[in-house]
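Peer 1: The following comprises the amino acid sequence and a computationally predicted model.
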Amino acid sequence: MTETAIIQFTQTGLYTWFLLPLLIAVARVADVSIGTIRLIFLARGFRGLAPLLGFFEVLIWLLAIGQIMQNLTNWICYFAYAGGFAAGNWAGMVLEERLAVGTVGIRIITRRDARMLIAYLKRSKFSVTSVDAEGGRGKVHVIYSVIDRASLPRVVGKIKQYNPRAFYSIEDIRFVSNGGTPALRLRRRRNIKQLRQLLEKRK
């Protein structure tokens with residue numbers, strides 16, 4: 001297609017009222033979802049990947065806002081821009097859940113004998129620290145463990161199976177000394193591999 005033909009095509013109603021807004025929406029979905037992942041990585045200590053994601057985020061945003069500035073009279077582009085922003089936030093959260101990056105600390109307090117639960121965590125190669133403590137209604141067992149985020153639903157399910165009334169709290173962990181447990185190190189390598197595959201697909 002020649003340059004003249006391209007210019008003529010960009011002046012058609014199909015491009016102005018459909019293709020251009022669609023491209024803007026797709027660009028916004030891409031840059032906002034990348035931005036969401038970047039912020040999550042920053043919060044969880046993945047500082048090496050955040051600048052790379054930031055580069056692509058800003059580059060895509062510049063392309064989108066450039067088209068907006070060139071078509072200020074096209075009101076559909078405004079809706080496409082806003083809709084892409086909203087969809088990008090949702091897409092970023094979905095990607096974060098799929099990647100399940102980072103580690104979390106889980107604190108479990110139970111009045112039942114905790115030996116079976118501790119044995120399960122050890123078999124899963126998670127770090128475990130348990131202490132006996134005194135609660136408001138008598139003696140309790142307190143268990144601390146550091147696990148990869150992807151294993152969180154499985155561990156929580158096991159806690160509920162072991163004791164549905166057990167109290168537990170979960171918090172993000174930005175840094176684990178000595179590389180963490182074997183399970184954490186294996187999961188971290190898988191997360192990096194998945195992220196590289198995701199970035200290669202976007203190129």
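Peer 2: Cool, the structure landed. Numbers count the residues shown, from 1 in each chain.
Peer 1: if I look at residue 30, how far off is residue 36?
Peer 2: Distance, residue 30 to residue 36, by C-beta to C-beta, to the nearest Å: 11 Å. Quick note: C-beta positions are derived from backbone N, CA and C, even for glycine.
Peer 1: Give the residues shared as contacts by these two.
Peer 2: Common neighbours of residue 30 and residue 36, using C-beta atoms under 8 Å, 6 or more residues apart in numbering, are residue 88.
Peer 1: got the residue ranges for the strands in the chain?
Peer 2: 103-110, 127-135, 138-148, 167-173 (DSSP state E).
Peer 1: out of those strands, nearest to residue 93?
Peer 2: strand 167-173 (15.2 Å; C-beta to C-beta).
Peer 1: Residue 161: neighbouring residues, count only.
Peer 2: Look at residue 161: counted by other C-beta atoms under 10 Å, it has 10 neighbours.
Peer 1: tell me the contacts of it?
Peer 2: Counting by C-beta under 8 Å, 6+ apart, residue 161 makes contact with nothing.
Peer 1: Swap in 10 Å and give it another go.
Peer 2: Shown in contact with residue 161 (C-beta atoms under 10 Å, 6 or more residues apart in numbering): 117, 120.
Peer 1: ditto for residue 133
Peer 2: Counting by C-beta under 10 Å, 6+ apart, residue 133 touches 109, 139-142.
Peer 1: Repeat the analysis, applying 6 Å as the threshold.
Peer 2: 140, 142 (C-beta atoms under 6 Å, 6 or more residues apart in numbering).
Peer 1: what are the bridge partners for it, then?
Peer 2: Beta-bridge pairing for residue 133 (DSSP bridges): residue 140.
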